[in-house]
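J.: need coordinates for the below:
(one chain, ligands or ions: 1)
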Amino acid sequence: MENPQRLRLLAEILPQWYAEHARSLPWRQDRDPYHVWLSEIMLQQTRVEAVKGYYARFLAAVPDIPALARADPELLHKLWEGLGYYARVRNLQKAAQLLLTRHNGRFPGDYAAVRALPGIGDYTAGAICSICFDLPTPAVDGNVLRVVTRLRADGRCVDEPAVKRGLREELAEVYPPRGAGLLTQALMELGATVCGPNGKPDCEHCPAAAFCAARDGDAWANYPLRAKKRERKVERRTVFVFSREGTLALKKRRATGLLAGLWEFPNVPDWLEPQQALELASEWGLHPRGLERQTERTHVFTHVQWEMRCFYIPCAAPGEGFLWADEAALKGQYALPTAFRMFRPGQETNIKGER
Ligand code: SF4
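T.: Below is the predicted model of the structure:
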């Protein structure tokens, strides 16, 4: 069978399969562009199960585009705390502000206008336009790339922009005149639940098995072909958990760069020895009362890995330039990314993977 025919067949049978097998997910209850947009942005790099709670809390606090445009950025960071890639939520707000000023707070049903919004790439624009406006705009993410390359035994590198663009165009050609959103969601669902990323795909239950070029033997393992990943830079940091009268010392991170604008425990590059850590605390005017304990953890970002040594130091004075937060403020007010949250007394875990 020729490859174009395989794609056409897939597009024909998949909506029916989806109608019978789709998971019921909170963001699939309607086709409101705000709901689709928010869920797609949250789902980038994050598992469905982890997103469900975040999605519900976010919508309860920020129910629509005007509310998002006007929300306090601190609240948005707090609602995103632990999800990682915080630029996503800042871009959500920038896009909401543009939607408010340029489009009366609504999404335009036009691919180019949606694609032009901050934080919205080809994938998200394709998802919003096909699911909400029934436009033939495929949303090609890792799930869809996996299905399509396996289906056609396509050994080209999918990280090449031209290859990805070509696949998107070929898919667009087989989109039906109506029901574009169903096909988009069906493709994503097949890649998420049957032709999955971890280990052997469930070809026995795949609706495309009869015409898939990679179903025999272990051929599926050859697709998709990805570019070699850049090696992560490893950096050492010393983190301080300074405590005083039931509060902990926080600092605000710079407005640009990694974890921009979020809160952090005070930290410095490289690993200090205990005596050096106490001396630094004295220099900062904190009157340290000694070293309570120390611990070491790893935190992995996309391009960098932090090897973190943390000192717990009770202090007698507030020093200068620190914000002292009690338990309630840490819980409800200040967004502390996982890289630091894992050192909070009582919450010490070795969470990996937040960016
Ligand atoms: S038959 Fe197997 S390899 Fe082919 S698309 Fe289906 S699950 Fe993936």
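J.: alpha carbons only for contacts and neighbour counts from here, please
T.: Will do.
J.: what strand or helix carries residue 105?
T.: Secondary structure from DSSP states H and E places residue 105 outside every helix and strand.
J.: isn't it up against residue 68?
T.: No. Taking contacts as Cα atoms under 8 Å, residue 105 lies outside contact range of residue 68: 10.0 Å.
J.: who's more crowded, those two?
T.: When residue 105 and residue 68 are compared on other Cα atoms under 10 Å, the one with more neighbours turns out to be residue 68, at 24 against 18.
J.: which neighbours do residue 105 and residue 68 share?
T.: Common contacts of residue 105 and residue 68 (Cα atoms under 8 Å, 6 or more residues apart in numbering): 96-97.
J.: how about the residues of this protein by the ligand?
T.: Applying Cα under 6 Å from any ligand atom, we find that the chain lies next to the ligand at 147, 150-151, 194-195, 201-203, 206, 208-209, 212, 214-215, 220.
J.: which of those residues are buried?
T.: Neighbour counting by 16 or more other Cα atoms under 10 Å classes 147, 150-151, 194-195, 201, 203, 206, 208, 212, 214-215, 220 among these as buried.
J.: now the residues you listed as CSV including secondary structure?
T.: Output for those, formatted as CSV (DSSP: H, G, I helix; E, B strand; the rest coil):
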residue, secondary structure
147, helix
150, helix
151, helix
194, coil
195, coil
201, coil
203, helix
206, coil
208, coil
212, coil
214, coil
215, coil
220, helix
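J.: packing partners of the lengthiest helix in the chain?
T.: Looking across the chain with DSSP state H, the single longest helix is helix 3-21. The contact analysis (3 or more Cα pairs under 8 Å, 6 or more residues apart in numbering; DSSP states H and E) places helix 3-21 against helix 142-151, helix 180-193.
J.: strands of the protein, start to end?
T.: For the chain, the strands defined by DSSP state E occupy 233-244, 247-252, 263-264, 267-269, 293-300, 304-314, 323-325.
J.: so which of those is the most surrounded?
T.: Highest mean neighbour count of the strands of the chain: strand 263-264, a mean of 22 (counted as mean count of other Cα atoms under 10 Å).
J.: ok, residue 219 - how many residues close by?
T.: With neighbours defined by other Cα under 10 Å, the count for residue 219 comes to 12.
J.: relative to residue 160, how far out is it?
T.: In this view, residue 219 and residue 160 are 21 Å apart by Cα to Cα, to the nearest Å.
J.: so where is this protein shaky, pLDDT-wise?
T.: Across the chain, the ranges flagged by pLDDT under 70 are 348-355.
J.: tell me which of the helices and strands packed on helix 3-21 sits nearest to residue 288.
T.: The closest approach between residue 288 and any of those, judged by Cα to Cα, belongs to helix 142-151 at 50.0 Å.
J.: chain center to that closest one: distance?
T.: Relative to the centre of its chain, helix 142-151 is centred 20 Å away, using Cα atoms, centre = their mean, to the nearest Å.
J.: mind listing what's buried in it?
T.: Buried positions in helix 142-151, judged by neighbour count with 16+ other Cα under 10 Å: 142-151.
J.: also stretch 154-170?
T.: Buried residues in stretch 154-170, counted by 16+ other Cα under 10 Å: 154, 157-158, 164, 167-168.
J.: next: stretch 6-16.
T.: Across stretch 6-16, burial judged by 16+ other Cα under 10 Å covers 6-8, 10-11, 14-15.
J.: re the thing from before, and the buried residues of stretch 154-170, which is closest to residue 267?
T.: Checking these against residue 267 by Cα to Cα gives residue 158 as the nearest, at 39.1 Å.
J.: and the closest one, what are its phi and psi?
T.: Dihedral pair for residue 158: phi -80, psi -10, per degrees, to the nearest 10.
J.: residue of the stretch 51-200 of the chain nearest the ligand, please.
T.: Distances between the stretch 51-200 of the chain and the ligand by Cα to the nearest ligand atom are smallest at residue 195, namely 4.0 Å.
J.: which residue comes closest to that residue once chain neighbours are left out?
T.: Leaving out its chain neighbours, the residue that sits closest to residue 195 by Cα to Cα, 6 or more residues apart in numbering is residue 201, at 4.6 Å.
J.: now swap in residue 177 and tell me
T.: Spatial nearest neighbour of residue 177, excluding adjacent residues (Cα to Cα, 6+ apart): residue 136 at 7.5 Å.
J.: go on, residue 323?
T.: Using Cα to Cα, 6+ apart, the closest residue to residue 323 is residue 250 (5.0 Å).
J.: does residue 243 really touch residue 313, like I thought?
T.: Yes. Using Cα under 8 Å, residue 243 is in contact with residue 313, at 6.4 Å.
J.: mind listing what the residue of the stretch 51-200 of the chain closest to the ligand touches?
T.: Taking Cα under 8 Å, 6+ apart, one finds 143, 146-147, 201-203, 206 in contact with residue 195.
J.: mind running it again at 7 Å?
T.: Under the criterion of Cα atoms under 7 Å, 6 or more residues apart in numbering, the neighbours of residue 195 are 147, 201-202.
J.: excluding its backbone neighbours, what's nearest residue 133?
T.: Setting aside the residues directly before and after it, residue 133 is nearest to residue 109 in space (Cα to Cα, 6+ apart), at 5.9 Å.
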